[in-house]
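Novice: Let's see this in three dimensions:
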Amino acid sequence: MIIELRKKSQITIPKEIVDQLYLQEGDHLEISVKDGVVLLEPVAIYSKSYIQKLEDSVMRINEDTNKYNVGPFKSVEEAIEYLEESDEDTEVTDKVNK
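Specialist: Next up, the predicted model:
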């Protein structure tokens, strides 16, 4: 597939590729060059508090679950929902504390 570089170095990603990768307006892409090839990779951006909570949760895998009031989760989706809710709470707290 050939595309054209336009004014201000802009390109349009063909619809077939957008659909194949389930991209939506507002998604973030990382661009890099490797061995003379331009690479675009979809990325997700999360707050530091979300990443910290995820890291803390993963590190608890081998610990005694009786020490915590959250989990174990029945599914990955349930764990993600907990992390997203916790992240929203942290963002509100961060905004109030500023």
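Novice: use CA for all of it now, contacts and neighbours both
Specialist: Will do.
Novice: Which parts of the chain belong to which domain?
Specialist: 7-43, 48-97 (automatic domain parsing).
Novice: how far is the host helix or strand of Pro42 from where the chain is centred?
Specialist: Counting by DSSP states H and E, the element that carries Pro42 is strand 37-43. Here the centre of strand 37-43 is set off from its chain's centre by 15 Å, with CA atoms, centre = their mean, to the nearest Å.
Novice: ok, residues contacting it?
Specialist: Leu23, Asp27, His28, Leu29, Glu30, Ile31, Ser32, Val33 (CA atoms under 8 Å, 6 or more residues apart in numbering).
Novice: So Glu30: helix, strand or coil?
Specialist: In three-state terms, and counting by DSSP: H, G, I helix; E, B strand; the rest coil, Glu30 is strand.
Novice: re the thing from before, can you list the buried residues in the helix or strand following the strand holding Pro42?
Specialist: Where DSSP H and E defines the elements, the next helix or strand beyond strand 37-43 is helix 48-59. By 16 or more other CA atoms under 10 Å, the buried positions in helix 48-59 come out as Ser49, Tyr50, Lys53, Leu54.
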